[in-house]
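Engineer: My questions concern the predicted model and sequence given below.
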Amino acid sequence: MKCVDSLRARAGLTDPQAALLDDIETGRLFSLHREIKALFYLGATFIVFGVGATLKDRLMELGPLTILSVLALAVAACYGYCFKKAGPYSEGKTGSPTAGFDYVLYLGCAFLGLAFGYAEAKFQLLDRYWDFYLLGSGCLFFALAYRFDNRFVLSMAILNLAGWLGVRLKHFEMLDVRTQAMLFAAALIALGKFLEDRKVKAHFTDTYLLFGLHLLFWSLLADVFPKGFACWQFPVLAALTVFALNYSFKRRRFDYFLYSTVYGYLGFSSGVVHHISDSSAVSLYVLVSSVAVIVTVFRMRRSLEQDPC
């Protein structure tokens with residue numbers, strides 16, 4: 001109510017406007033936009049799975065060329081619709097021109113991946129260089145994500161490029177998988193900040209940062225879990241946790257606070273457990289510390305998600 005009262009005094013809100021804002025602030029009125037959008041994406045994913053299962057069952061009847069032709073037409077139809085409906089490119093944030101635009105774009109990308117996978121499985125066109133399908137689709141998805149301002153397609157692009165790098169770098173024994181993941185994560189974070197500074201789709205920065213931070217945390221925890229405090233990854237994990245926490249307070253973002261708290265707690269707890277031999281003491285530590293973390297998370301959620309007036 002404090003924020004609403006302040007706005008009422010400064011901006012001259014009417015009673016209906018104040019009542020609406022009060023309902024939003026107190027949680028009586030809330031948005032289901034994200035949940036509904038996630039359900040639509042889930043439905044689009046089921047469509048892709050259904051198409052894949054149907055093509056598999058009808059393979060002998062239809063033949064590989066017919067299947068590839070159908071998939072190519074589906075991809076062309078989806079992309080054609082998107083290019084026809086989309087407005088001009090903008091480096092800022094743009095809304096979807098139609099309600100189903102984002103889902104048609106996602107279906108086009110998914111059908112393209114299905115076509116690449118089927119073509120390689122049937123004809124072995126690239127053989128041992130099959131991972132270049134990942135590279136090609138990843139680059140295409142990057143271009144489409146920026147052209148049509150779609151963070152979900154950007155996520156698909158990042159995953160495809162991560163998969164391609166993982167396959168390619170296996171041939172170089174100088175780097176292990178964890179080091180590869182950390183280098184890729186650092187590159188993602190650097191790219192996101194670079195583009196943000198130049199105001200090129202600055203709202204994509206969170207996608208780069210979240211992927212990069214998750215990869216960094218997972219890679220560091222993979223060594224901290226078996227070794228505890230006695231490894232160089234632990235101080236790096238601690239520094240990364242502090243950085244992410246500071247960023248969450250600076251941007252007032254609860255999701256960054258949640259991820260960094262959970263990852264930091266897991267890393268610190270693995271070190272503590274390595275130095276406790278008594279199983280009852282370990283159980284007591286886990287019980288007390290986990291409750292403390294949960295309480296802290298819930299309290300900080302209210303603090304970070306409440307906009308200051």
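Structural biologist: Perfect, thanks for sending it.

Engineer: how many neighbours does the closest residue to residue 221 other than its chain neighbours have?
Structural biologist: Using Cβ to Cβ, 6 or more residues apart in numbering and skipping residues adjacent in sequence, the residue nearest residue 221 is residue 267, 5.8 Å away. The C-beta positions use only the backbone N, C-alpha and C, and glycine is treated the same way. Residue 267: 25 surrounding residues under other Cβ atoms under 10 Å.

Engineer: what separates residue 267 from residue 241, distance-wise?
Structural biologist: 7 Å (Cβ to Cβ, to the nearest Å).

Engineer: again, but for residue 256
Structural biologist: Using Cβ to Cβ, residue 256 is found at 11 Å from residue 241.

Engineer: how distant is the helix or strand harbouring the residue nearest to residue 221 from the center of its chain?
Structural biologist: Assigned by DSSP states H and E, residue 267 belongs to helix 254-274. Averaging C-alpha positions (Cα atoms, centre = their mean, to the nearest Å) puts helix 254-274 19 Å from its chain's average.

Engineer: Just list what the helix or strand that that helix is followed by packs against, helices and strands only.
Structural biologist: As assigned by DSSP H and E, the chain's next helix or strand after helix 254-274 is helix 279-305. When contacts are defined as 3 or more Cβ pairs under 8 Å, 6 or more residues apart in numbering; DSSP states H and E, helix 279-305 packs onto helix 254-274.

Engineer: any idea of the angle the helix it packs on forms with helix 279-305?
Structural biologist: On the basis of axes from the mean of the first three to the mean of the last three Cα atoms, to 10 degrees, helix 254-274 is oriented at 170 degrees to helix 279-305.

Engineer: buried ones in helix 254-274?
Structural biologist: For helix 254-274, a neighbour-count test (16 or more other Cβ atoms under 10 Å) marks 254, 256-261, 263-265, 267-272 as buried.

Engineer: Spit out the contact partners of the residue nearest to residue 221.
Structural biologist: Shown in contact with residue 267 (Cβ atoms under 8 Å, 6 or more residues apart in numbering): 220-221, 224, 234, 237-238, 241.

Engineer: Quick check: buried residues in stretch 99-117?
Structural biologist: For stretch 99-117, by 16+ other Cβ under 10 Å, it's 101-116.

Engineer: Give me the contact list for it.
Structural biologist: Outside stretch 99-117, the residues that touch it by Cβ under 8 Å, 6+ apart are 37, 40-41, 43-45, 47-48, 51-52, 68, 71-72, 74-75, 77-79, 81-82, 85-86, 96, 133, 136-137, 140-141, 144, 148, 150, 152-153, 156.

Engineer: and if we set it to 6 Å?
Structural biologist: Applying Cβ atoms under 6 Å, 6 or more residues apart in numbering, the external contacts of stretch 99-117 come out as 40, 44, 48, 52, 71, 74-75, 78-79, 81-82, 85, 96, 133, 137, 141, 148, 150, 153, 156.

Engineer: which residues of the stretch 151-300 of the chain score low on pLDDT?
Structural biologist: Residue ranges of the stretch 151-300 of the chain with pLDDT under 70: 171-174.

Engineer: Please apply the same query to the stretch 1-150 of the chain.
Structural biologist: Using pLDDT under 70, the stretch 1-150 of the chain drops low at 1-44, 55-60.

Engineer: try 50 this time
Structural biologist: 29-30 (pLDDT under 50).

Engineer: all helices for it, in order.
Structural biologist: Along the stretch 1-150 of the chain, the stretches classed as helices by DSSP state H, counting those that start in this stretch are 2-11, 15-26, 33-57, 59-62, 64-85, 101-123, 132-148.

Engineer: after the last one, next one along is what?
Structural biologist: Read that as helix 132-148. Next helix or strand after helix 132-148 toward the C-terminus (DSSP H and E): helix 151-168.

Engineer: what's the spacing between that next one and its chain's center?
Structural biologist: 11 Å.
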